[in-house]
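Visitor: Predicted coordinates and the sequence they were generated for:
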Amino acid sequence: MAKSINQVILMGRLTRDPEVRTTSTGKTIASFSLAVDRGGQEDAADFFDVTAWEKLGELVSQYLSKGRRCLVQGRLRQDSWDDKETGKKRTKVEVVATDVTFLDGPAGDGAGGASNYPSSNSGSSKKSDDVVIEDIDDKPIDLSEIPF
């Protein structure tokens with residue numbers, strides 16, 4: 001039997017600032033909406049509700065705001081409930097983010113802004129030396145020399 005897949009990748013702009021709340025167990029949740037342009041159709045977009053949990057939610061709330069571009073990777077989650085006022089069955093599909101890549105600078109100008117965000121590479125800013133390979137021969141590779 002084939003394995004099931006539930007994966008979504010979206011790139012768009014936030015339609016509102018992230019709303020942050022905390023669960024009773026202390027977990028952070030950031031909720032926001034993403035507008036994704038439909039390619040080739042002027043003034044047409046799809047809107048997706050996105051939630052980011054815990055550390056990812058904290059980063060989203062700290063660095064993203066309305067109008068900023070981001071790339072969201074995650075899974076779809078469907079929720080259903082009975083509306084208390086009308087008694088009708090309601091459903092909602094949202095994206096639960098597993099990764100969010102910030103695409104704009106702090107002003108939302110699309111300038112790349114990678115240096116404006118925290119980096120996982122907290123080492124020194126020392127520039128590494130480039131390695132130049134000068135002597136390359138065209139001999140075939142002997143597969144018996146590969147150690148694995």
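Guide: That came in fine, so what should we check first?
Visitor: And Asn6, how far from Gly87?
Guide: 30 Å (C-beta to C-beta, to the nearest Å). Backbone N, C-alpha and C define where each C-beta goes, glycine included.
Visitor: again but with Arg16, I slipped
Guide: In terms of C-beta to C-beta, Arg16 sits 30 Å off from Gly87.
Visitor: which of these two has more neighbours?
Guide: Arg16 (13 against 7; other C-beta atoms under 10 Å).
Visitor: and that one, what does it touch?
Guide: Counting by C-beta atoms under 8 Å, 6 or more residues apart in numbering, Arg16 touches Phe32, Ser33, Lys66.
Visitor: Quick check: which ranges of the chain have low pLDDT?
Guide: Along the chain, segments meeting pLDDT under 70 span 1, 106-138, 141, 148.
Visitor: so where do the helices sit in it?
Guide: Using DSSP state H, the helices assigned to the chain run over residues 54-63.
Visitor: surely Leu59 meets Thr101?
Guide: No: Leu59 lies out of contact with Thr101 (C-beta atoms under 8 Å); the separation is 10.8 Å.
Visitor: So which of these two has more stuff around it?
Guide: Using other C-beta under 10 Å, the more surrounded residue of Leu59 and Thr101 is Leu59, with 18 against 12.
Visitor: Distance of the more buried one relative to Ala97?
Guide: Relative to Ala97, and taking C-beta to C-beta, Leu59 is found at 10 Å.
Visitor: Between those two, which contacts overlap?
Guide: Ala52.
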